[in-house]
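**Q** Just a sequence and a predicted model for now, questions to come.
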Amino acid sequence: MIANIRTASVIGTHGAPVVVECHIATGLPGFSILGRPDDVCREARDRVRAAVMSSGFSWPSRRITINLAPSTSRKVGSGLDVAIALAILVADEQLAASAVRGLHDHAFIAELSLDGGLRPVAGVSPMAVCLRDQVVVVSPDNYEECRLVEPRHTRVAHDLRSLVSHLAGELPWPDPPDPRGDASDVSVPDLVDVRGQGAARLGLELAAAGGHHLLLVGPPGSGKTMLAQRLPGLLPRLDAEASLEATMIRSAAGEPLPRSGLLTVPPIRMPHHSMSLVAMVGGGSSALRPGEVSLAHGGVLFLDELGEFAPSALDALRQPLEEGVVRLSRAHSTAVLPARFTLVGATNPCPCGGGPPGSCECDEAALAKYRRRFSGPLLDRFDVRVVAHRPGADELLGAPNGECTAAVHARVLAMREVAMQRQGVLNGRLSGADLDRFAPVAPDGTQLLRAELEIGRLTGRGLHRLRRVARTLADRDGEHDVIPAHHVAAALALRARIASHRRG
Ligand SMILES: [Zn+2]
């Protein structure tokens with residue numbers, strides 16, 4: 001008998017349906033698995049064999065051929081284990097007719113432990129999405145995640161033996177596990193904890209409202225990381241679609257999900273500068289795993305010590321920053337993964353760290369070298385560049401005096417709404433052509449810009465960025481039409497320089 005059992009695999013952040021076919025023939029005992037399995041999938045042979053025997057079934061001592069259809073796409077991971085085990089049991093005629101009948105509208109996504117237990121796997125939500133017309137059976141630990149995309153058609157089983165009994169109708173399906181918490185159990189750090197930092201606070205608000213990329217320049221101890229961590233709280237909560245998308249990216253990457261299963265707070269990713277290029281953009285394995293740029297989708301990518309990142313890693317940000325996606329390819333697999341995020345960089349103002357004004361000890365050569373590392377194209381990515389200061393004694397000892405996250409968040413939502421109503425995109429994504437229409441500048445503001453261009457402090461590309469920021473600043477003050485000159489001046493001031501002057 002030939003068996004066909006449904007399951008799925010995942011490439012990038014998308015699930016792909018897979019049918020496991022099994023053929024058992026007389027001949028020398030053997031086991032082959034066709035249909036482009038990766039190494040983990042190929043190892044199913046040993047896991048499945050142990051699980052089948054531990055569950056009280058027998059292992060056929062004949063020639064077993066497994067085909068994973070369609071044969072064009074790569075199959076990755078251990079989520080096909082249960083389907084492979086069932087296909088062998090069907091082909092070997094070890095299952096009762098009632099169990100075989102029970103199989104026809106079910107699909108199975110779980111790894112098998114050697115004792116026959118069902119184990120959770122990464123990427124369940126994208127896989128379940130592609131099996132929507134099936135009842136999907138998963139490990140109890142994957143139930144919450146699977147239920148997000150297949151609320152009516154998710155079942156759990158604890159082990160292979162009881163799974164066969166459930167399919168045959170001999171045992172009722174077990175109750176799903178209790179929900180493990182709701183979406184509100186995620187705490188977001190509040191801006192009220194930040195003392196002082198007027199410019200950096202404004203930078204965060206502009207980044208959240210306009211989708212502008214932000215560079216924080218400040219000495220060690222000035223709280224750049226603390227500031228960046230407060231940006232997700234200022235962004236809108238993820239809507240239903242974005243939330244599912246972010247959850248599926250995280251699932252496909254094999255990262256832990258929140259207790260509720262669903263990601264609702266915009267993510268923040270903080271990769272270290274030593275991280276590999278593959279970890280940054282994704283790919284690598286045959287599963288084309290999402291990288292940091294995709295894990296930051298809908299949220300914030302924070303690069304601390306920006307100057308320490310390899311130029312190749314920074315170059316690789318160009319596509320996601322320009323297109324909001326990252327394209328991966330490897331051998332016969334390609335994937336387009338979502339990767340739209342707000343970029344926040346942080347750096348010391350100079351090689352010695354800067355410190356309090358007047359304490360810089362760098363010589364001119366060191367400053368020049370440092371400046372070269374932050375060449376034009378890198379700095380050009382950041383619309384807003386603000387200085388963060390080490391808080392003074394008065395600020396640390398005094399009562400909290402800045403706005404809390406909720407107050408700024410409300411303003412951010414209103415500003416985003418204005419921009420979307422006016423032009424359909426956030427200010428940070430206005431094209432050069434749209435700027436004249438949606439971000440006209442008052443004549444005296446144009447004079448300011450002309451002066452900056454003439455002395456070479458502003459490039460053509462910089463001019464576009466500056467006008468986008470000025471648009472957001474004007475919106476913040478309720479000036480939704482022509483941008484007044486003082487907002488142009490304010491935008492010019494939000495371009496902190498790096499290693500540009502010697503202090504002390
Ligand atoms: Zn210095």
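**A** Good, I have the coordinates. Numbering: from 1, shown residues only.
**Q** what's near enough to touch the residue nearest the centre of the chain?
**A** With distances taken as CA atoms, centre = their mean, Leu295 lies nearest the centre of the chain, 1.5 Å away. Contacts for Leu295 (CB atoms under 8 Å, 6 or more residues apart in numbering) come out as Ile249, Arg250, Ala253, Glu255, Pro267, Arg269. Bear in mind the C-beta positions are built from the backbone N, C-alpha and C, glycine included.
**Q** Please produce TSV containing those, extended by secondary structure and pLDDT.
**A** Listed next are the contacts of Leu295 as TSV, based on DSSP: H, G, I helix; E, B strand; the rest coil; pLDDT from 0 to 100:
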residue	secondary structure	pLDDT
Ile249	helix	92
Arg250	helix	91
Ala253	coil	89
Glu255	coil	87
Pro267	coil	94
Arg269	strand	96
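**Q** List buried residues within those.
**A** Ile249, Arg250, Ala253, Pro267, Arg269 (16 or more other CB atoms under 10 Å).
**Q** Phe309 versus the first one, what's the distance?
**A** In this view, Ile249 and Phe309 are 22 Å apart by CB to CB, to the nearest Å.
**Q** Who's the closest spatial neighbour of Leu314, skipping the chain neighbours?
**A** Spatial nearest neighbour of Leu314, chain neighbours left out: Leu378 (6.1 Å); criterion: CB to CB, 6 or more residues apart in numbering.
**Q** Using the three-state scheme, assign the one you found.
**A** Using DSSP: H, G, I helix; E, B strand; the rest coil, the structure places Leu378 in helix.
**Q** what about it, how many residues close to it?
**A** The number of residues packed near Leu378 is 19, by other CB atoms under 10 Å.
**Q** how close does it sit to the ion?
**A** Per CB to the ion, to the nearest Å, Leu378 is found 19 Å from the ion.
**Q** Pro236 now?
**A** For Pro236, the distance to the ion - CB to the ion - is 39 Å.
**Q** Nearest to the ion among the buried ones among the contacts of Leu295?
**A** Comparing these against the ion with CB to the ion places Arg269 closest, at 29.1 Å.
**Q** CA atoms only: put the worst-scoring helix or strand of the chain on mean pLDDT into CSV for me.
**A** The helix or strand of the chain with the lowest confidence, counting by mean pLDDT, DSSP states H and E, is helix 376-380 at a mean of 77. Taking Å, rounded to 0.1, in the frame of the first residue of the first chain, the C-alpha atoms of helix 376-380 are listed here in CSV:
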residue,chain,number,x,y,z
GLY,A,376,28.7,60.3,3.8
PRO,A,377,26.6,57.3,2.7
LEU,A,378,26.5,55.9,6.2
LEU,A,379,25.5,59.2,7.9
ASP,A,380,23.1,59.8,5.0
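**Q** what kind of secondary structure is Pro174 in?
**A** coil.
**Q** can you tell me which residues contact the nearest residue to it once chain neighbours are set aside?
**A** Spatial nearest neighbour of Pro174, chain neighbours left out: Val156 (5.9 Å); criterion: CB to CB, 6+ apart. By CB under 8 Å, 6+ apart, the contact set of Val156 is Leu118, Val137, Val138, Ser139, Pro140, Asn142, Tyr143, Trp173, Pro174, Pro176, Pro177.
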